[in-house]
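>>> Okay, structure incoming, though there's no sequence with it:
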């Protein structure tokens with residue numbers, strides 16, 4: 001004897017695959033990859049760095065300061081005055097206490113501006129200050 005039509009539809013509904021656990025796992029993996037991804041920080045401008053034969057790549061440079069050829073100072077894509085460099089570096093150091101400062105000075109920038117930025121970084125409590133250069 002044939003099964004009634006209502007029983008056939010009930011059997012089809014019972015055979016559906018429950019996608020909720022798989023979606024939960026995919027969502028958790030997505031959150032994991034977003035949290036653990038390291039984002040590249042930029043100082044804000046492109047500079048023509050001088051060449052150096054002994055240039056070494058620094059892996060954990062967290063605080064980037066750029067000095068343009070006109071003497072403008074950029075931190076986190078914002079143009080800052082020389083008087084506020086120390087305060088900005090102190091704030092960034094508070095966010096990441098193990099961060100190092102890398103100064104990206106243009107070839108045509110003055111040494112005076114570079115020295116002032118280095119002094120501001122040291123006054124902010126960061127003694128690991130590097131100057132960016134291209135490998136020769």
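On my side now, so go ahead. Here the structure is a predicted model, which is why all the values come from computation and not from measurement. Numbers count the residues shown, from 1 in each chain.
>>> right, and the helix or strand after the helix or strand bottoming out on mean pLDDT in the chain?
Here the helix or strand of the chain ranked lowest by mean pLDDT, DSSP states H and E is helix 5-14, holding a mean of 58. Remark: after helix 5-14, the chain's next helix or strand is helix 20-36, criterion DSSP states H and E.
>>> how about that following helix: buried residues?
Buried residues in helix 20-36, counting neighbours by 16 or more other Cβ atoms under 10 Å, are absent. C-beta coordinates here come from the backbone N, C-alpha and C atoms, glycine included.
>>> Could you double-check that residue 103 lies in contact with residue 116?
No: shown here, residue 103 and residue 116 do not form a contact pair, counting by Cβ atoms under 8 Å, at 10.6 Å.
>>> between the two, who's got more neighbours?
residue 103 (23 against 18; other Cβ atoms under 10 Å).
>>> Quick one: end-to-end length of stretch 73-85, please.
One end of stretch 73-85 to the other measures 8 Å (Cα to Cα, to the nearest Å).
>>> What's the local residue count around the closest residue to residue 108 other than its chain neighbours?
Nearest non-adjacent residue to residue 108, counting by Cβ to Cβ, 6 or more residues apart in numbering: residue 69, 3.9 Å away. Applying other Cβ under 10 Å, we find 14 other residues in the vicinity of residue 69.
>>> Quick check: residue 69 vs residue 106, distance?
Distance of residue 69 to residue 106, computed by Cβ to Cβ, to the nearest Å: 4 Å.
>>> Ok, residue 130 next?
Distance, residue 130 to residue 106, using Cβ to Cβ: 16 Å.
>>> the helices in this protein, which residues?
Secondary structure of the chain, counting by DSSP state H: helices at 5-14, 20-36, 85-95, 111-123.
>>> could you give the mean pLDDT of the second one?
Over the span of helix 20-36, the pLDDT mean works out to 87.
>>> same question, stretch 127-134
Mean per-residue pLDDT for stretch 127-134: 82.
>>> ok, now stretch 77-89?
When pLDDT is averaged over stretch 77-89, the result is 91.
>>> Going by neighbour count, which residues of that stretch are buried?
Residues of stretch 77-89 classed as buried: 80, 85-86, 88-89 (neighbour count, 16+ other Cβ under 10 Å).
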